[in-house]
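1. Quick one, what's the 3D model for this:
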Amino acid sequence: MLPVVGALALGAYNLSTGNDLLHVPGARTIRNTFSETVGDTVRDGVRNAARERGAEVRDRAAAGVHDAVNTAEDAVSTMTLTTKIKAKMTLDDVVRASDIDVDVDGGIVTLTGDVESKDEQRRAVRIATETSGVTRVVNHIKVR
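-> Residues are numbered from 1 along each chain as shown. Purely as a prediction, here's the structure:
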């Protein structure tokens, strides 16, 4: 009987204060607190995810820049070595540099082409071998 009387009293109170018949006092406060808690949790989760994603993007970008710098350095190093060897051959009295192709991969130099004599072939190989930065010379030069 007491629960019925309590429910009737609650209904009468709600009607006298302008609320719905089954309005529970403090429900709005509970709903607001719940909404704020969920909102804060979601907002914190989104912030953390954005922070993590930003760090991941930053790390990938840094790695990409590092790879690009290494690739550029390798290309410059390759061009520099090729230019050094070709310049030395051009200045040499025995070697006709225009008849010899120089390809560089790392410190490995590959010489190809056709020359007039064994002396010219040996001299071209020696020029490449004595150039700073060359670790190995692959000789594909043919004597005509």
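2. Which residue, other than its chain neighbours, is closest to Asp99?
-> With CB to CB, 6 or more residues apart in numbering as the criterion, Asp99 has its nearest non-adjacent residue at 4.9 Å, and that residue is Gly113. Where C-beta positions appear, they are placed from N, C-alpha and C, glycine not excepted.
3. for the one you found, helix, strand, or coil?
-> Look at Gly113: counting by DSSP: H, G, I helix; E, B strand; the rest coil, its state is strand.
4. got a list of what it touches?
-> 99-101, 140-142 (CB atoms under 8 Å, 6 or more residues apart in numbering).
5. Quick check: bridge partners of it?
-> Per DSSP bridges, the residues bridged to Gly113 are Ile100, Ile141.
6. PyMOL command for the buried members of the contacts of Gly113?
-> Here is the PyMOL selection string for the buried members of the contacts of Gly113, based on 16 or more other CB atoms under 10 Å:
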select buried, resi 99+100+141
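7. pLDDT-wise, what's the bottom of the contacts of Gly113?
-> Here the lowest pLDDT out of the contacts of Gly113 sits on Asp99, with 91.
8. about what we covered before: which of the contacts of Gly113 lies closest to Ala75?
-> Asp101 (17.9 Å; CB to CB).
9. isn't the closest one right next to Val115, touching?
-> No - here Asp101 lies out of contact with Val115, judged by CB atoms under 8 Å, at a distance of 11.6 Å.
10. quick one: which of the contacts of Gly113 is nearest to Thr37?
-> Asp101 (73.2 Å).
11. can you count the residues close to the nearest residue to that closest one once chain neighbours are set aside?
-> Of all residues not flanking Asp101 in the chain, Thr112 sits nearest, at 4.7 Å (CB to CB, 6+ apart). By the criterion of other CB atoms under 10 Å, Thr112 has 14 neighbours.
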